[in-house]
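Here is my input; please provide its structure:
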Amino acid sequence: MRDDLAYGTMDQGADGRWRLHFKRVFPRPIDQVWRAVTEPAHLSHWFPTTIEGERAAGALLRFAFPGGQAAPFEGRMLAFDPPRLVEFLWGRDIVRIALRSVPEGTELTLTDVLEERGKGARDGAGWHVCLDGLAAHLSGSPEVRQEAIGWKEVHPLYVEKFGPEAATIGPPANLG
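Numbers count the residues shown, from 1 in each chain. Here you go, the predicted structure:
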């Protein structure tokens, strides 16, 4: 198994919803990481969809997968506090990305409040691969978008880690 710190965790919140949590530290200043997690030119290197819409709390958003891999969907910006917090309704999930300066650079905490527990392993593997892509992008690697093989490699580890109840919803059709 790779570095355990790179792997996400899953727990159930007081509201009964399941949450994925990831922490990564990037050896970059907070402003550079902020741009990478909010600006379209950077998001295209690691985030699974486009994010169309105003970067302001309350704004309506539209998300589209590259190459039309799946139907676009709607959301809403819940919080936007540069350079520390972006939170949005992503379909029926809530995705929160919080940044803080640490001596090593910038700590990123990604939390995904899931609509259904059964997609925990699937989405955990997806965010894992996305955050690996973000790390590569921040390090200056050319063309860092992760291929499906990365997801296929890490998904069984999330199934094992989160259990069968978190793996009842299978992979997206383009990864199956």
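
Could I get the contacting residues of L114?
Each residue near L114 by C-beta atoms under 8 Å, 6 or more residues apart in numbering is listed here: 17-20, 93, 120, 123. (Glycine included, C-beta is placed from N, CA and C.)

how far away is L78 from S139?
Going from L78 to S139 by C-beta to C-beta, to the nearest Å gives 30 Å.

D31 belongs to a strand?
No - using DSSP: H, G, I helix; E, B strand; the rest coil, the secondary structure at D31 is helix, not a strand.

is it true that it touches P83?
Yes - taking C-beta atoms under 8 Å as the definition, D31 is a contact partner of P83 at 5.5 Å.

Who has more neighbours out of the two?
Neighbour totals were compared for D31 and P83, and P83 leads with 18 against 13 (other C-beta atoms under 10 Å).

And the residue nearest the centre of the chain, what's its pLDDT?
By C-alpha atoms, centre = their mean, the mean C-alpha position of the chain lies nearest to W127, the distance being 4.1 Å. As predicted, W127 sits at a pLDDT of 95.

go on, G16?
94.

for the longest helix along the chain, packing partners?
In the chain, assigned by DSSP state H, the helix with the most residues is helix 120-138. On a contact count with 3 or more C-beta pairs under 8 Å, 6 or more residues apart in numbering; DSSP states H and E, helix 120-138 meets strand 18-26, helix 30-38, strand 105-113, helix 148-162.

could you redo the last one with a cut-off of 10 Å?
strand 9-12, strand 18-26, helix 30-38, helix 40-43, strand 93-102, strand 105-113, helix 148-162 (3 or more C-beta pairs under 10 Å, 6 or more residues apart in numbering; DSSP states H and E).

need those in TSV with distance to F65, can you?
Formatted as TSV, the helices and strands packed on helix 120-138 follow (distance: least, C-beta to C-beta, whole Å):
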stretch	distance to F65
strand 9-12	24
strand 18-26	19
helix 30-38	18
helix 40-43	12
strand 93-102	15
strand 105-113	17
helix 148-162	13
